[in-house]
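When you get a sec, could you give me coordinates for this:
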Amino acid sequence: MNEDEFQTKMDEIMELACEEAPNSNIFLKKHEARSEMTSLRTKLVDQAKGAPEEMNNLHMLARLNMAIAQNLFEVESDQEGYEYLERAEQLWDTLHNKVAYDWDTGFQKDTMIKCKTKLNNDTDMTYVPFLLDAFNLAGYHWCGRGMVEKALTCLNHSVKIYEHFDKRSRTEGDAGYQALNISDDGQTTTTRGKVEGSYTSTLFYLAQVYGNDSKSEEASKYCHLTLQRQLASKKEFDRIEWSINALGLCSFYLNLNDFGASKHCILAAEKVMEKYAEAGDDMSNEKAQQTIANIHQAKAKWNYYYVKHYRDNAMGYAEDDEPEPPATLPIEWWVNFTCDIPDPEQPKPIPFNKKGWTMILPLFKEARTQWNKALEWYIFDGFVTDYIQIMQDLSAFYKLLSTWDRDDTDPIGALIDRHCSIHKERAKLLEGIPDQLNDKHYLNYQRQIWFEVGEIYNEICELRITQRNKKSEIKSTQKEPLSKVAINKIMTLAEKSFVKFSDSFLLEDGKPPSDMDPDVCHAFISSRMHAIRLASKKYAKSAEKEYKQLELAVAEYNELISWAEAHPRYKDKLCAEETTKLQIELAKEVSRMLPSKMRDIRRAYNIQA
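Numbering: from 1, shown residues only. Take a look at the predicted model:
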């Protein structure tokens with residue numbers, strides 16, 4: 001059997017393995033294909049024994065062992081699959097290093113696979129693609145089983161083999177290189193093309209391994225290199241998957257405050273999806289539509305984090321100073337994506353003043369537009385969590401906008417009015433969502449929104465109370481501050497949201513659980529204190545009603561303090577959080593102060609206790 005006959009037979013077997021199998025036995029066709037491969041292997045072994053000096057026999061046998069190994073992995077026969085992978089690896093060692101081969105067992109004498117195969121200047125370089133495939137297959141297998149060290153051992157060995165190949169193939173005057181007639185056009189018909197394709201797979205598997213091991217920097221490095229190699233190659237690749245991975249890289253670079261690199265990734269993903277459409281591929285399929293929506297989301301989030309970065313660092317410089325660009329970590333592996341988009345460039349810093357306000361308004365409007373486009377796909381019915389996340393992100397950008405508006409021409413009048421309008425938009429986005437959710441499945445989202453809506457209305461209350469207390473400083477004469485009744489209504493909205501949050505933790509007897517996780521406990525105490533404070537601050541129509549409000553607040557504060565002190569973690573984990581300690585101490589202090597105020601009211605208005 002020669003190479004052409006072998007390849008024809010292998011193509012037939014691979015077609016058989018890919019045929020659709022019945023539901024009752026989904027691996028039927030793969031088992032039939034492996035039976036054919038086993039018969040072919042027997043013929044090749046006999047042929048190789050009869051002509052041990054003929055290296056092509058060993059070459060074909062090694063490739064066949066790899067195919068059998070992959071088949072076994074696919075049908076979840078891991079141990080047997082790895083044994084065939086060992087056979088393939090050791091055959092490569094026989095081919096390259098002329099090690100004795102034991103035909104009776106199919107293994108080298110006195111050796112097991114430990115990634116010892118090395119290339120030298122006498123190695124026939126046409127075997128390199130298959131050698132890379134062998135170690136890639138092993139690495140992919142171990143990665144899928146969560147065995148990181150074994151996967152890295154195999155894949156890093158592939159890297160060393162490729163580096164040797166690349167160095168040798170590019171050495172001027174190398175006879176082996178000249179004989180290969182290598183072309184750099186990325187076509188798989190040449191040895192160079194096959195090696196480059198296999199090495200791209202190596203980098204892709206390394207990205208997966210490091211990602212599974214939670215090593216984001218290494219995973220991003222190999223993901224970035226994989227994507228660039230796919231672009232540089234003339235081979236076809238999955239453009240949707242490419243765009244999804246590019247958006248993942250965008251998030252990584254955003255965490256490094258590298259806004260130039262992250263924007264470059266977004267533009268690359270967008271350009272590749274444009275090529276997908278130009279190629280006549282179906283843009284109406286769900287995966288394509290979702291990827292387009294994710295690109296819109298990425299653009300919006302980029303604007304948000306760009307503005308947020310300079311807001312967070314605003315205290316580091318005076319208002320009139322020009323801020324410094326963000327310090328980014330050096331990305332040693334960076335290469336520009338070759339898809340006709342601008343090179344990465346850091347955007348201009350945003351000053352925390354009126355000039356900065358004019359810069360961020362267009363960014364906010366663009367982000368809002370991009371999120372609205374994403375919502376054309378992420379509708380509430382079908383994508384509940386994605387829809388909620390977009391609403392929360394948009395609310396966060398509104399909040400960010402309010403911190404940047406610092407026009408001091410009328411700080412008590414027009415400025416507070418604008419801030420309140422912004423916060424009302426935030427509330428409008430969120431407050432109707434919890435009622436549409438099933439509390440059995442989305443209770444955590446309900447709690448998040450209740451608490452945030454409570455904070456929003458609480459902020460509006462504080463602003464309106466400040467405006468009312470300082471109404472003499474209002475420069476705009478267009479309208480008066482809100483009435484006490486109107487402010488009380490806003491307080492009630494805030495109070496109700498905090499009560500909904502805290503009540504969601506109560507047991508059937510109406511009491512909070514005796515034990516609660518420290519993080520949850522902190523939020524629970526915070527919501528109760530907000531609700532109590534808001535109820536006690538309302539403008540009362542009479543001294544008697546104000547007295548009753550304060551009396552009820554004291555009772556509720558004492559009830560909260562008693563519960564916290566009886567909490568089994570009060571002495572350790574609960575109070576390990578400084579903020580929780582301060583909350584309890586503040587509740588104690590307020591509960592001590594309010595009775596004094598109540599006595600003053602009782603004496604002034606002759607109220608009976």
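
Glu83 sits in which helix or strand?
Assigned by DSSP states H and E, Glu83 falls within helix 78-97.

what do you get for Glu376?
Using DSSP H and E, Glu376 falls outside every helix and strand.

hang on, isn't it packed against Gln297?
No. Between Glu376 and Gln297 there is no contact, the gap being 11.6 Å when judged by Cβ atoms under 8 Å. Glycine gets a C-beta too; all of them are placed from N, C-alpha and C.

ok, those two, which is more surrounded?
Per other Cβ atoms under 10 Å, whichever of Glu376 and Gln297 has more neighbours is Gln297, with 23 against 11.

That one - that's part of a helix, no?
Yes. Assessed with DSSP: H, G, I helix; E, B strand; the rest coil, Gln297 lies in a helix.

confidence score at Leu249?
With respect to pLDDT, Leu249 scores 93.

out of everything not next to it in sequence, what's closest to it?
Leaving out its chain neighbours, the residue that sits closest to Leu249 by Cβ to Cβ, 6 or more residues apart in numbering is Cys265, at 4.7 Å.

and the one you found, which of the three is it?
Quick answer, by three-state DSSP: Cys265 is helix.

quick one: it from Lys588, how far?
From Cys265 across to Lys588, the span is 52 Å (Cβ to Cβ, to the nearest Å).

and what of Asp417?
Taken as Cβ to Cβ, the span from Asp417 to Lys588 is 37 Å.

Those two: who's more crowded?
Asp417 (19 against 16).

What pLDDT does the model give the more buried one?
90.

which SSE is it in?
Going by DSSP H and E, Asp417 is in helix 414-430.

what's that helix packed up against?
Here helix 414-430 touches helix 384-404, helix 443-469, going by 3 or more Cβ pairs under 8 Å, 6 or more residues apart in numbering; DSSP states H and E.

Distance to Ile26, mean pLDDT and mean neighbour count added to the ones you listed, as a markdown table?
Formatted as a markdown table, the helices and strands packed on helix 414-430 follow (distance: least, Cβ to Cβ, whole Å; pLDDT from 0 to 100; neighbours: other Cβ atoms under 10 Å):
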| stretch | distance to Ile26 | mean pLDDT | mean neighbour count |
| --- | --- | --- | --- |
| helix 384-404 | 32 | 94 | 18 |
| helix 443-469 | 37 | 95 | 20 |
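
who wins for proximity to Asn285 among these?
helix 384-404 (18.0 Å; Cβ to Cβ).

for the closest one, the distance to its chain's centre please.
17 Å (Cα atoms, centre = their mean, to the nearest Å).

before we move on, what about stretch 68-88?
33 Å.

can you check stretch 600-609 too?
That offset, for stretch 600-609, works out to 59 Å (Cα atoms, centre = their mean).

cool, stretch 64-79 as well?
Centroid separation for stretch 64-79 versus its chain: 33 Å, with Cα atoms, centre = their mean.

now do stretch 399-414
Distance, centroid of stretch 399-414 to centroid of chain: 34 Å (Cα atoms, centre = their mean).

Show residues contacting it.
304, 307-308, 311, 352-354, 356-357, 360-361, 364, 415, 418-419, 422-423, 426, 466-467, 470-471, 473-476 (Cβ atoms under 8 Å, 6 or more residues apart in numbering).

Same question for stretch 2-17.
Contacts for stretch 2-17 (Cβ under 8 Å, 6+ apart): 1, 29-30, 32-34, 36-37, 40, 44, 56, 60, 63-64, 67, 71.
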